[in-house]
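**Q** can't give you the sequence, but here's the structure:
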């Protein structure tokens, strides 16, 4: 930018205009960190030269309110032209110089432009950020040491695919969320690490395509709906299972239990299109969720109604909640009932450690094969307790597949066994569960939220830092132990245990 031309020493007054009034003392602007500093785009409430209700300007130091110049009110209409002429002669104005310029008369009665106002909630407080941008990246490195059993061929109780050391990105998500108006919220999140074949919804061992972006959260919700509380529609998690509803940022371990893989979200990552309502008591100690969803088997929010709808409900009771959730007890019960998609179901579980992104590269520990069924019911119980740095979490799940029969679709991925294809096996009952204990080693406490009825993402007491210019700390470290159980054996179908 070329340097501005020299400014004239003095501007002569225009014809018919009185000489400018002597300068008035300006009030120093408040410090940027002062609680009284005006917000961007909002008038300063402490500006004594502005009427708080009418919004017009009054002359500082002139109690009579008489403006200098010719006829009353002529000077305020002429000085903006003088300001424009002065800026033209002066050249570009720096931000520091612009801050020292006198304010314009934009708030005068009859002005064309109104002052910009930030959106506010019903209690008068402004929204901190109507739109928020976030995301996460999780990288995983695994190394396995196995005995002779898992390395045997599949017909001799070996695992398929075989265990292998690997390094991969487990999750890479980009998220947008915000509020459209006061009672409405929305979220849009995509996972860019997903290896699965969109055209193969039952047997993911076939050749896969990927990585492909997959939908996670893509919903719109309305709060404070009479009798229903919060109503959410779109691609979302159905209310079944505590660890399923927990965000992956709050998990102590990168992978969820066997139950997530076999019952909750085997091929859709736990996200399904649908609508649900959620509400709680005034103290948050009793809550419920209920919804209707589409039974999908792919993580793309796609369904052709080949499987009908899925009805899901959940109730939560919190008999103990003390010290802001640092001492709490959570009891929950959830249920599902639905028609299997295309009348086909496959139960299978991968391990607690994966050696690849979601898809066919991970070893399968238990597999029932593809079964035909008329209807499926599921039940889940939840138990969560927090006590300072300690937390205990456990769940039990059971599944009943009614009028089941064997099929000839796809090979078994384990040494499981099925009767000949077309054999009726009645009601197939499978079950599983886990118990997990964790403790913070760096002084943090695990808290429970009465609003979401989930564990709160912990904040490190001393954030991890290696720069000598920042306070150094170890971050938050946790010791975790989990015991999982899965039994895919019932109705003469042995999918291993």
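**A** Received, thanks. This one's a predicted model, so the numbers in the text were calculated from it and none came from an experiment.

**Q** quick check, residue 263 in a helix?
**A** Yes - the assignment for residue 263 by DSSP: H, G, I helix; E, B strand; the rest coil puts it in a helix.

**Q** Can you tell me how far it is from residue 369?
**A** Using C-beta to C-beta, to the nearest Å, one gets 16 Å for the distance from residue 263 to residue 369. The C-beta positions use only the backbone N, C-alpha and C, and glycine is treated the same way.

**Q** can you check residue 144 too?
**A** 25 Å.

**Q** residue contacts, residue 445?
**A** 326, 386, 388-389, 458 (C-beta atoms under 8 Å, 6 or more residues apart in numbering).

**Q** And for residue 238, nearest residue in space, chain neighbours not counted?
**A** residue 312 (4.4 Å; C-beta to C-beta, 6 or more residues apart in numbering).

**Q** in the sheet, who's paired with the one you found?
**A** residue 291, residue 336 (DSSP bridges).

**Q** doesn't residue 288 make contact with it?
**A** No - counting by C-beta atoms under 8 Å, residue 312 sits too far from residue 288 to count as a contact (11.6 Å).

**Q** For these two, indicate the residue with more neighbours.
**A** Remark: of residue 312 and residue 288, residue 312 carries more neighbours, 23 against 16, as counted by other C-beta atoms under 10 Å.

**Q** gap between that one and residue 293?
**A** 6 Å.

**Q** same check, this time on residue 169
**A** 29 Å.

**Q** out of the two, which sits in the busier spot?
**A** Just comparing residue 169 and residue 293: by other C-beta under 10 Å the higher neighbour count belongs to residue 293, 24 against 13.

**Q** what's the host helix or strand of residue 434 packed up against?
**A** Secondary-structure assignment from DSSP states H and E places residue 434 in strand 424-440. Applying 3 or more C-beta pairs under 8 Å, 6 or more residues apart in numbering; DSSP states H and E, one finds that strand 424-440 contacts helix 258-259, strand 364-372, strand 390-406, strand 478-487, strand 489-490.

**Q** what's the angle between that strand and strand 478-487?
**A** 170 degrees (axes from the mean of the first three to the mean of the last three C-alpha atoms, to 10 degrees).

**Q** between residue 144 and residue 369, which one's more packed in?
**A** Each of residue 144 and residue 369 has its neighbours counted (other C-beta under 10 Å); residue 369 has more, 27 against 15.

**Q** Hmm, residue 496 and the more buried one touching each other?
**A** No - counting by C-beta under 8 Å, residue 369 sits too far from residue 496 to count as a contact (10.9 Å).

**Q** okay, and the common contacts of those two?
**A** residue 416.

**Q** For stretch 249-259, buried residues please.
**A** By neighbour count, and taking 16 or more other C-beta atoms under 10 Å as the criterion, the buried residues in stretch 249-259 are 251-252, 255-259.

**Q** if we can go back for a sec, which among the contacts of residue 445 end up buried?
**A** 326, 386, 389, 458.

**Q** Which ones among those residues lie within strands?
**A** residue 386 (DSSP state E).

**Q** between the buried ones among the contacts of residue 445, which is nearest residue 416?
**A** residue 386 (38.4 Å; C-beta to C-beta).

**Q** what pairs with the closest one across the strands?
**A** Beta-bridge partners, per DSSP bridges, of residue 386: residue 328, residue 391.

**Q** cool, residue 370 as well?
**A** Going by DSSP bridges, residue 370 forms beta bridges with residue 346.

**Q** ditto for residue 215
**A** Using DSSP bridges, the beta-bridge partners of residue 215 come out as residue 190.

**Q** Please produce TSV containing the buried residues of stretch 249-259, extended by pLDDT and distance to residue 269.
**A** Formatted as TSV, those follow (pLDDT from 0 to 100; distance: C-beta to C-beta, whole Å):
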residue	pLDDT	distance to residue 269
251	90	14
252	89	19
255	89	12
256	91	11
257	91	15
258	90	16
259	91	14
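
**Q** What count of nearby residues applies to the spatially closest residue to residue 429 that is not a sequence neighbour?
**A** The shortest distance from residue 429 to any non-neighbouring residue, by C-beta to C-beta, 6+ apart, is to residue 490 (4.5 Å). Applying other C-beta under 10 Å, we find 21 residues neighbouring residue 490.

**Q** same question, residue 314
**A** Count around residue 314 with other C-beta under 10 Å applied: 25.

**Q** was I right about it contacting residue 334?
**A** Yes - counting by C-beta under 8 Å, residue 334 is a contact partner of residue 314 at 4.0 Å.

**Q** got any residues that touch both of the two?
**A** 239-240.

**Q** Given the strand holding residue 434, what are its sheet partners and their directions?
**A** Partners of strand 424-440, by DSSP bridges, with direction: strand 390-406 (antiparallel), strand 478-487 (antiparallel).

**Q** mind checking which of the ones you listed is nearest residue 308?
**A** Between these, strand 390-406 lies closest to residue 308; by C-beta to C-beta that is 14.2 Å.

**Q** buried ones in that closest one?
**A** Buried, per 16+ other C-beta under 10 Å, within strand 390-406: 391, 393-401, 404-406.

**Q** Can you pick out the most distant pair from these?
**A** Farthest pair in the buried residues of strand 390-406, by C-beta to C-beta: 391 and 405, 42.8 Å.

**Q** So which helix or strand of this protein has the lowest pLDDT on average?
**A** The weakest-scoring helix or strand in the chain, judged by mean pLDDT, DSSP states H and E, is helix 95-99 (a mean of 44).

**Q** give me every residue that touches the residue nearest to residue 285 when sequence neighbours are not counted.
**A** The shortest distance from residue 285 to any non-neighbouring residue, by C-beta to C-beta, 6+ apart, is to residue 318 (4.5 Å). Residue 318 is in contact with 284-286, 328-331, 448, 450, 453, counting by C-beta under 8 Å, 6+ apart.

**Q** who's in contact with the residue nearest to residue 238?
**A** 238-240, 276, 289-293, 334-336.

**Q** got it, and residue 252?
**A** 436, 438, 478, 480.

**Q** What is the lowest-pLDDT residue among those residues?
**A** For the contacts of residue 252, the weakest pLDDT value sits at residue 478, with 92.

**Q** That one reaches residue 437, doesn't it?
**A** No - counting by C-beta under 8 Å, residue 478 stays clear of residue 437, with 10.7 Å between them.

**Q** So for residue 195, what's the pLDDT?
**A** 64.

**Q** Same question for residue 386.
**A** Looking at residue 386, its pLDDT stands at 95.

**Q** what about residue 454, distance to residue 445?
**A** As defined by C-beta to C-beta, residue 454 lies at a distance of 16 Å from residue 445.

**Q** Equivalent analysis for residue 257, please.
**A** Counting by C-beta to C-beta, the separation of residue 257 from residue 445 is 24 Å.

**Q** Now for residue 138, how many residues are close by?
**A** Using other C-beta under 10 Å, residue 138 has 15 other residues around it.

**Q** repeat for the one 4 residues further on
**A** The number of residues packed near residue 142 is 17, by other C-beta under 10 Å.

**Q** Can you name the residues that contact it?
**A** Here residue 142 is in contact with 165-167, 353-355 (criterion: C-beta under 8 Å, 6+ apart).

**Q** hang on, the earlier thing: looking at the buried ones among the contacts of residue 445, spot the one nearest residue 135.
**A** residue 458 (19.4 Å).

**Q** my read: the closest one touches residue 441, true?
**A** No - assessed by C-beta under 8 Å, residue 458 is found out of contact with residue 441, at 11.9 Å.

**Q** still on that earlier bit, which strands and helices sit next to the next helix or strand after the strand holding residue 434?
**A** Next in sequence after strand 424-440, counting helices and strands by DSSP H and E, comes strand 448-449. Contact partners of strand 448-449 among helices and strands, from 3+ C-beta pairs under 8 Å, 6+ apart: strand 454-455.
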